[in-house]
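1. turn this into a structure:
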Amino acid sequence: MGDIVSLAGSVPTGGPYAGGSFRHATLDAALLSRVERYRLQRLREQMKHHQLDAVILFDPINIRYACGVRNMQVYSQRNPARYLYVAADGPVVLFEFSACLHLAANAELLDEVHPARAVMPQYSGPRCAVHTQAFVDDIRSLFERSHTQGQRLGIESAPTGAIEALGQAGFQLTDAATVVEGAKSIKSLDELALIHRSVTLTEAAMTRMEAAIRPGMNENELWSIFNQHVLATGGEYAETRLLTSGARTNPWFQECSDKVIAPGELVAFDTDIVGCFGYYTDFSRTFHVSGAGAPSAEQKALYRMAADQLERNIALLRPGMSFRDYSQQAWPIPDGYRENRYLDIVHGCGMTGEWPLIAHDMDWDDVGYDGTIEPGMTLCVEAYIGHRDGTEGVKLEEQVLITEDGIERLSTYGYSDILMEE
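-> Alright, predicted model coming up:
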């Protein structure tokens, strides 16, 4: 099994990316059908490239990517109660959670739907081994009905017992995440129309939240305003709770709490939201709380540094550039701010955070890997500035599309004028 690759150009994407035509697309049943068929075709091209006969997907986001069916997505991320079989050349079969088969009644891409085997030990207890053997028998039967070259099978997020049983049955197993991440990395114009709608509605939710910021409310109360608007307009759920204020903004990755927001503090926020149509919207902004006069010189300096970092790294993006070159040329984080740096410079974004992840130059020898920035990738550019001995920090982030000749911003929420002032 090789490294993750994009296979850009293996499936028609619908036209040039430059120009933003996707922003004016009609979101109808025909477009949704094209999106689902594009995604399945992308997955199958990856499977053929990596010489896999079939994959079994347990991750609910991967299931949705491959066949379009959603069911208890958050629950299924920790409970492997449903799974999807996709042959490179053969059937697409969903094994759905008990009593939920009706949810896939209108799924165009599915050849069959069956009740899932109870392969979770907490569900079937001492009978789990019996259900696991039935699971293996099902997969063997599907292989016999597929045009396979051997027994090469990709699988991800499955219970340990299921993986062991497949191996003992003679299947050659590999991690299906490699093919799924590669497939997801290049978006079609139809996908971008859905992403654009998700971003637009998320920006409306942030507008409502920013207008509601008041001293005396707590972080949870403020965050709930954002989430209410997201849910009311068709969004689905937040993957993180990254809204903090004051001293809780530095270092980053402190979760939203019942801390009361005080006058003059900074409020930093990362959307991290699975929005409408299941597409992830991921951008960040930092705000100044009224009630104590103008922002301090330190707050403005932090904000301008973060904005410089973000804008420099966005301007650097171009198709054909290697991940390594990008990492080496990225905005240099000053001494004193490196310890609290964000964990990456750029990461992919689609139905959640995705491949690629481009590491800082200083982290390259530990977690860096090379690849090529290509048209059709949707990327999030990260910026965080918080001094190792400082009180507050600033988080900014932008979601962008790589086009044939540069980038287009997908998120366009403005910077804070009061914090950008000299």
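
2. show me where pLDDT drops low in the chain?
-> 1 (pLDDT under 70).

3. domain ranges for it, per the record?
-> Per automatic domain parsing, the structural domains of the chain span 53-175, 189-420.

4. ok, so what distance separates the residue lying farthest from the centre of the chain from residue 408?
-> Ranked by distance from the centre of the chain (Cα atoms, centre = their mean), the top residue is residue 293, with 38.1 Å. Using Cβ to Cβ, to the nearest Å, residue 293 is found at 38 Å from residue 408. In short, each C-beta sits where N, CA and C put it, glycine included.

5. hmm, back to that, residue 14: which of the domains of the chain is closest?
-> Across those, residue 14 has its closest neighbour in domain 189-420 (3.7 Å, Cβ to Cβ).

6. what are the ranges of the strands in the stretch 1-150 of the chain?
-> Secondary structure of the stretch 1-150 of the chain, counting by DSSP state E, counting those that start in this stretch: strands at 54-57, 83-87, 92-96, 112-115.

7. which one of those lies nearest to residue 346?
-> strand 54-57 (25.9 Å).

8. can you give the contact residues for that closest one?
-> Residues from elsewhere that reach strand 54-57, judged by Cβ atoms under 8 Å, 6 or more residues apart in numbering: 43, 47, 63, 66, 83-88, 90, 139, 142-143, 146, 148, 153-158, 176, 179-180.

9. need the buried ones from the residues you listed selected in ChimeraX.
-> The ChimeraX selection below is limited to those of the contacts of strand 54-57 classed as buried (16 or more other Cβ atoms under 10 Å):
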select :43,47,63,66,83,84,85,86,87,88,90,139,142,143,146,148,153,154,155,156,157,158,176,179,180
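
10. circling back: surely the residue farthest from the centre of the chain touches residue 299?
-> No - contact between residue 293 and residue 299 fails when scored by Cβ atoms under 8 Å: they sit 11.3 Å apart.

11. so who does residue 267 touch?
-> Residues counted as contacts of residue 267 (Cβ under 8 Å, 6+ apart) are 213, 219, 222, 243-245, 249, 261, 286-289.

12. again, 10 Å this time
-> Counting by Cβ atoms under 10 Å, 6 or more residues apart in numbering, residue 267 makes contact with 209-210, 213, 219, 222-223, 243-246, 248-249, 261, 285-289, 392, 395.

13. I'd like the next helix or strand past whichever strand or helix holds it.
-> Counting by DSSP states H and E, the element that carries residue 267 is strand 266-270. Using DSSP H and E, the helix or strand that follows strand 266-270 in sequence is strand 273-274.

14. and that next one, how far from the chain's centre?
-> Mean C-alpha position of strand 273-274 versus that of the full chain (Cα atoms, centre = their mean, to the nearest Å) differs by 8 Å.

15. what helices or strands is it leaning on?
-> For strand 273-274, the elements it packs on are helix 189-212, helix 219-232, strand 237-238, strand 280-281, judged by 3 or more Cβ pairs under 10 Å, 6 or more residues apart in numbering; DSSP states H and E.

16. if you set the cut-off to 7 Å instead, what comes out?
-> Strand 273-274 sits against no helix or strand, with contacts defined as 3 or more Cβ pairs under 7 Å, 6 or more residues apart in numbering; DSSP states H and E.

17. in its sheet, which strands sit next to that strand, and in what direction?
-> Strand 273-274 pairs in its sheet with strand 237-238 (antiparallel), strand 280-281 (antiparallel), by DSSP bridges.

18. would you list these in CSV and tack on distance to residue 38 and mean neighbour count?
-> Conversion of the strands paired with strand 273-274 to CSV gives the following (distance: least, Cβ to Cβ, whole Å; neighbours: other Cβ atoms under 10 Å):
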stretch, distance to residue 38, mean neighbour count
strand 237-238, 24, 16
strand 280-281, 17, 26
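
19. now those as a markdown table including distance to residue 266?
-> Output for these, formatted as a markdown table (distance: least, Cβ to Cβ, whole Å):
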| stretch | distance to residue 266 |
| --- | --- |
| strand 237-238 | 21 |
| strand 280-281 | 22 |
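
20. mind checking the backbone torsions on residue 89?
-> phi -140, psi 90 (degrees, to the nearest 10).

21. find the nearest non-adjacent residue to it, please.
-> Spatial nearest neighbour of residue 89, chain neighbours left out: residue 147 (4.0 Å); criterion: Cβ to Cβ, 6 or more residues apart in numbering.

22. so that neighbour is in contact with residue 91, correct?
-> No - in this structure residue 147 lies outside contact range of residue 91 using Cβ atoms under 7 Å: 10.4 Å.

23. what is the neighbour count of residue 149?
-> A count of neighbours around residue 149, defined by other Cβ atoms under 10 Å, yields 11.

24. right, I mislabeled it, should have said residue 385
-> 29.

25. ditto for residue 417
-> So residue 417, with other Cβ under 10 Å, has 8 neighbours.

26. ok, now residue 205?
-> Neighbour count of residue 205, defined by other Cβ under 10 Å: 23.
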